[in-house]
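In: This is a predicted model, with the sequence first.
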Amino acid sequence: MNNTYICVIIPAYNEEASIGKVIKAIPKIVSEIIVVSNNSSDNTEAVAKNAGATVLIEKNKGYGYACLKGIKYISEKEKKPDIVVFLDGDYSDYPEELTKIIAPITENNFDFVVGARVKQLREKGSMTFPQIFGNWLATTLMRVIYNSTFTDLGPFRAIKYDTLVALEMEDKTYGWTVEMQLKVLKKKIRYKEVPVKYRNRIGTSKVSGTVKGAIFAGYKILWWIFKYSIKK
């Protein structure tokens, strides 16, 4: 693990109250922390930079837009990472569990790992009903259609860089996580889930915290699933 080159990509929109805590809690084994400010109007960028992160700006709003910006930045570097970790900037995940997330890759040669926000490790109220229902529906459909063992669409995830490139990710908004998992299933890539802790985020969710966000996220998740089931 000491010789593994790891980059972390953190999409962030108005997370000035939490982003410093997230960066500070990331284990020192990470080579570079990349915070992609998704057109933030607060001090997210300054706080992240002061905490030691590389800060990029993506003016197009959307979770996928921010992730793609981070990937493009990495692709242009001379030295490419072995592993890319995606992590939210709201401090709902426990960044120190990154070592647990990457362990199946470094120790057992898995290609993709999702941190599963299991009920017994979730803080009360940390996931809204739309989130819980959406996860259940999406993972149930994936199990029925693709014989998947996924139980969550958790944002805390790790993937080999070469595998990430091969997925040719394209979703610009709320369908990012499910697109990645569907492509992993379609390409028969080795994957694993590991249980992780989850707490109430700092601030208000931009997706599950709004009716519009929850509806659009649900639509994008179902759109990706049925798009791929038709191609199956």
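Out: Alright, I've got the coordinates.
In: helix/strand/coil for the residue positioned nearest the centre of the chain?
Out: When CA atoms, centre = their mean is applied to the chain, the residue found nearest the centroid is Pro155 (3.1 Å). Applying DSSP: H, G, I helix; E, B strand; the rest coil to Pro155 yields a three-state assignment of coil.
In: Could you do the one 3 residues further on as well?
Out: With three-state DSSP as the basis, the three-state label of Ala158 is strand.
In: what's around Asn108, how many residues?
Out: 10 (other CB atoms under 10 Å). (C-beta placed from N, C-alpha, C; glycine too.)
In: Please report how far it lies from Tyr161.
Out: Distance, Asn108 to Tyr161, by CB to CB, to the nearest Å: 18 Å.
In: go on, Phe86?
Out: Following CB to CB, the distance that separates Phe86 from Tyr161 is 12 Å.
In: Among those two, which residue is more densely surrounded?
Out: Between Phe86 and Tyr161, counting by other CB under 10 Å, Phe86 is the more crowded of the two (27 against 18).
In: contacting residues for that one?
Out: By CB atoms under 8 Å, 6 or more residues apart in numbering, the contact set of Phe86 is 8-11, 67, 155-159.
In: If we only consider those, which is nearest to Met142?
Out: Arg157 (15.1 Å; CB to CB).
In: Count the residues that sit near the closest one.
Out: Look at Arg157: counted by other CB under 10 Å, it has 23 neighbours.
In: now do Ala17
Out: Neighbour number of Ala17 under other CB under 10 Å is 15.
In: can you pull the contacts of it?
Out: Shown in contact with Ala17 (CB under 8 Å, 6+ apart): 202-203.
In: quick one: it from Asp90, how far?
Out: 9 Å.
In: joint contacts of these two?
Out: The contact sets of Ala17 and Asp90 overlap at 202-203 (CB under 8 Å, 6+ apart).
In: so where's this protein uncertain?
Out: 1-2, 205-219, 228-232 (pLDDT under 70).
In: Secondary structure element holding Asn39?
Out: Per DSSP states H and E, Asn39 falls between elements, in no helix or strand.
In: in terms of contact, does it touch Gly62 like I think?
Out: No: the criterion here is CB atoms under 8 Å, and Asn39 misses it with Gly62 at 9.6 Å.
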